[in-house]
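**Student:** need a 3D model of the sequence below.
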Amino acid sequence: MSGREHHYSTAVTWTGNQGTGTSGYKAYSRDIEIAAPGKPPIPASSDPAFRGDPARYNPEDMLVASLSACHMLWYLHLCAVNGVTVTAYSDPATGTMAEDSGGGGRFTVVVLRPQVTLAPGSDAAKAEALHHEAHEKCFIANSVNFPVRVEAQTVTSSAGGRADPPA
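**Tutor:** Residues are numbered from 1 along each chain as shown. The predicted model follows:
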């Protein structure tokens, strides 16, 4: 480590008191608001399986999204500094969480599926290889105790802008 530290601050506020607090299991909403200084709040809740609002993000969604976003941002950086031009990137990432008999649980795997489009003339082999380096550098992936797999698909756009099939 270089000795540099970065600090992050968030505030999580329960907004689900429906008048009687937690007087009963069904008496309160699981709605929360996540905020960080200078940023818009994020409406969140628990997973719908745990009485959460399906229209709000839940912590599990955000963990999968954090892993995906961290990988993507490292990947885009590595492509930029290695002469690989990415013109589009999306990732329909998925995560699996298993509950245990005591009511707790843990994530067992997250699978990132980056779909990357390269500009004509970009080195597709190098682009594929940079996913490994991005995974190795991702702060979030380095912080979890379950596997994070990367199953990337790379295409090169033709001069007309459409994507050619994967090589």
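**Student:** is residue 153 in a bridge, and if so with what?
**Tutor:** Here residue 153 sits in beta bridges with residue 115, going by DSSP bridges.
**Student:** that one: what's it in contact with?
**Tutor:** Residue 153 makes contact with 113, 114, 115, 116, 166, according to Cβ atoms under 8 Å, 6 or more residues apart in numbering. All C-beta atoms are positioned from the backbone trio N, CA, C, and that covers glycine.
**Student:** where in this protein is pLDDT low?
**Tutor:** 1-2, 159-167 (pLDDT under 70).
**Student:** strands of the protein, start to end?
**Tutor:** For the chain, the strands defined by DSSP state E occupy 11-14, 32-35, 42-44, 86-90, 94-99, 105-112, 115-118, 148-150, 153-156.
**Student:** could you flag which of the contacts of residue 153 are buried?
**Tutor:** 114, 116 (16 or more other Cβ atoms under 10 Å).
**Student:** how about the contacts of residue 153 in JSON lines, adding distance to residue 25?
**Tutor:** Listed next are these as JSON lines, based on distance: Cβ to Cβ, whole Å:
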{"residue": "113", "distance to residue 25": "37"}
{"residue": "114", "distance to residue 25": "40"}
{"residue": "115", "distance to residue 25": "41"}
{"residue": "116", "distance to residue 25": "45"}
{"residue": "166", "distance to residue 25": "49"}
